[in-house]
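Chemist: 3D, please:
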Amino acid sequence: MCDTMRIKIGLFFGSTTCYTEMAGEKIRDNIDKLVGYPSVTLYNIALTKIDSMSKYDFLIFGIPTWDYGELQEDWEEQWDLINSIHIKGKIIAVYGLGDQVGYPDWFQDAMGYLWHKVRKLGARTIGEWPNKDYDFNNSRALNKEKTFFVGLALDDENQSHTSDASIAKWCEQIIKEYSSLKQ
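Modeler: Coordinates of the predicted model:
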């Protein structure tokens, strides 16, 4: 799919219960298979200095939403430091994990917070995901028209049966979007 260019992707995630990490591993595996070579490097932000982000033009961020729309603790600890990373002009895709049944009023809020933060810092974002087939009341991760999430929304608590197919489809989508931006 990306024969004419070799892409290097930094995938940075925070994960308390390992689900965001496992989703990141699946994203890595899908993208590496799509492009035909190892292109994605995983970083757990609890163990990595976030200034490593600056060496990539293409970044993927994984963030779960906790409780009532809260940031996951590793992202929360790094939140202000993100402002010091040169993100302007970088291409960023985000994915989030949330629980639409247990927390329907805050579904994927943390993904929305992170997306808005990187946009404010000048990043170019890709990877919107349709919000159909979800059942929630509110989310800060919706686009202006409220028809798409700003990134891939996963709910392994209630829809784990759809996660692998969604990840595969989203990976194809973001590689196409990235390729069209880089031409």
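Chemist: in this structure, which segments are predicted with low confidence?
Modeler: In the predicted model, the chain carries pLDDT under 70 at residues 1-5, 183.
Chemist: Residue 53 - that's part of a helix, no?
Modeler: Yes - the assignment for residue 53 is a helix, going by DSSP: H, G, I helix; E, B strand; the rest coil.
Chemist: Not counting residues beside it along the chain, what's closest to it?
Modeler: Excluding the flanking residues, the one nearest residue 53 by Cβ to Cβ, 6 or more residues apart in numbering is residue 85, at 5.1 Å. Placement of C-beta: from N, CA and C, glycine included.
Chemist: cool, residue 15 as well?
Modeler: residue 21 (4.0 Å).
Chemist: Helix or strand: which one has the one you found?
Modeler: Following DSSP states H and E, one finds residue 21 within helix 19-35.
Chemist: chain center to that helix: distance?
Modeler: How far helix 19-35 lies from its chain's middle: 11 Å, per Cα atoms, centre = their mean, to the nearest Å.
Chemist: Please renumber the chain so that the first residue is 337 from this point on.
Modeler: New numbering, starting at 337: the last item is helix 355-371.
Chemist: helices or strands up against that helix?
Modeler: Packing partners of helix 355-371 (3 or more Cβ pairs under 8 Å, 6 or more residues apart in numbering; DSSP states H and E): strand 345-349, strand 376-380, strand 394-402, strand 427-433, helix 496-518.
Chemist: swap the cut-off to 6 Å and go again
Modeler: Helices and strands touching helix 355-371, by 3 or more Cβ pairs under 6 Å, 6 or more residues apart in numbering; DSSP states H and E, are strand 345-349, strand 376-380, strand 394-402, helix 496-518.
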